[in-house]
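Undergrad: Here's my sequence, what's the structure:
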Amino acid sequence: MLDRPDWDESWTIKRVGKSNHVSDLRIIVYAALVVAVGLILLTALIFILSEKGVIKVSDFGPIEALKIVGSILAVAGMIITWAYQMASRRLGVVDLFACEIATLCRVGSVVDFIPNMVTQYNSVDATPIKAPQSQVSAQGLRFDSEEDYFPVFGANAKDLQVLEANVVNNVTAFYTYMKATRDMLRQVSNLGLSAAPAEAQRKAIVNVIYMVFLAYESARHAIDHLIEFQPAHAENKIVLLLTEIPAYRFLRKRCAEGEFKDGVHLKRLDLRLAEYQQFIPELCDRVRANAHVDKWDKPNSLVAGLENELRLLDDETAKLASPPAAANAPVAKVA
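TA: Residues are numbered from 1 along each chain as shown. A predicted model of the protein is given here:
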């Protein structure tokens, strides 16, 4: 019944019956039903045996039996009602965090945050920028965001405890990285206003891009657990990857060129390459396979862009893997 196509995926009763987020509550309901049915059958058996004289139970007539059955059904109903209310609340928490995380990331994708930061990185001049002379102009150029972009997390952080550990870890990591990004944007602004050396400004921009990359990666892992409706899951995952992959390509290139001197960052980034090359084609194939279904229209409209990002990643990986040609290498002659 829950798999009927005419039942909307957003209906709470359908989600309560199928969602992995409330599987423990379903177990409680199933256990309560099994115990209730067992007690009712036991009551019926005792009543029948008592009526036939096989056993003697004082004051156990039809009315008493109905009272016991009614009490069992009442307790079972209370357990089912409690479980349904808890499941609805838990699914509401899941939806709130999924919506806020997906919306924040979508905003970053829409405004081309990573391409703009890469442009800013490339435009940093080797000559320090002259700081504004007046305090008023300097204050006007300073980055100082006072908006609260995380109202759901601020008001419902305590409700995360009802979710699984992996979900809690990824959701908390996302918000932490996003808050760190705001702090680092202030640092980038302050360095530009204080006529800092170009190297320091570039380093600060790289740190911002790294924080955004980690935030989107954590958001993608969180979305994998939070959103279970497959078309919406695929759409939001592609939107995240359209920002995450360009950030990854930029960071990997910077690491390969010696931006991070210890080499640890490059090794950590390289570990993600095989993961991208495995699950992105699978995601694209799943979207293509459902292209004829109306509910998959949105992810299907984005899949070409994701495939292009994967091609760019493969091309840059091949360039980074190939050794540079020697300056005095002989030129091959065409026979």
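
Undergrad: In the protein, what helix or strand scores lowest on average pLDDT?
TA: helix 135-141 (a mean of 36; mean pLDDT, DSSP states H and E).

Undergrad: Sketch out the helices for the protein, chain order is fine.
TA: Remark: helices assigned in the chain by DSSP state H are 12-18, 23-51, 62-110, 113-123, 135-141, 151-156, 165-193, 198-226, 230-256, 264-289, 297-321.

Undergrad: Any chance of a markdown table for the ones you listed, columns mean neighbour count?
TA: C-betas here are computed from N, CA, C, even on glycine. Below are the helices of the chain laid out as a markdown table (neighbours: other C-beta atoms under 10 Å):
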| stretch | mean neighbour count |
| --- | --- |
| helix 12-18 | 16 |
| helix 23-51 | 14 |
| helix 62-110 | 16 |
| helix 113-123 | 15 |
| helix 135-141 | 10 |
| helix 151-156 | 14 |
| helix 165-193 | 18 |
| helix 198-226 | 21 |
| helix 230-256 | 22 |
| helix 264-289 | 14 |
| helix 297-321 | 15 |
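
Undergrad: what's near enough to touch the spatially closest residue to residue 99 that is not a sequence neighbour?
TA: Spatial nearest neighbour of residue 99, excluding adjacent residues (C-beta to C-beta, 6 or more residues apart in numbering): residue 152 at 7.5 Å. The neighbours of residue 152, taking C-beta atoms under 8 Å, 6 or more residues apart in numbering as the test, are 96-97, 99-100.

Undergrad: And the furthest pair within those?
TA: Largest separation among these by C-beta to C-beta: 97 and 99, giving 7.4 Å.

Undergrad: which stretch in the helices of the chain is the model least sure about?
TA: Lowest mean pLDDT of the helices of the chain: helix 135-141, a mean of 36.

Undergrad: possible to save the contacts of residue 152 as a markdown table with distance to residue 319?
TA: Listed next are these as a markdown table, based on distance: C-beta to C-beta, whole Å:
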| residue | distance to residue 319 |
| --- | --- |
| 96 | 43 |
| 97 | 39 |
| 99 | 39 |
| 100 | 38 |
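
Undergrad: Let me know the closest of the residues you listed to residue 197.
TA: In terms of C-beta to C-beta, no member of the contacts of residue 152 lies closer to residue 197 than residue 100, at 37.9 Å.

Undergrad: And the pLDDT for the residue sitting furthest away from the middle of the chain?
TA: Among the C-alpha atoms of the chain, the one most distant from their mean position (C-alpha atoms, centre = their mean) is that of residue 53, at 64.5 Å. As predicted, residue 53 sits at a pLDDT of 73.
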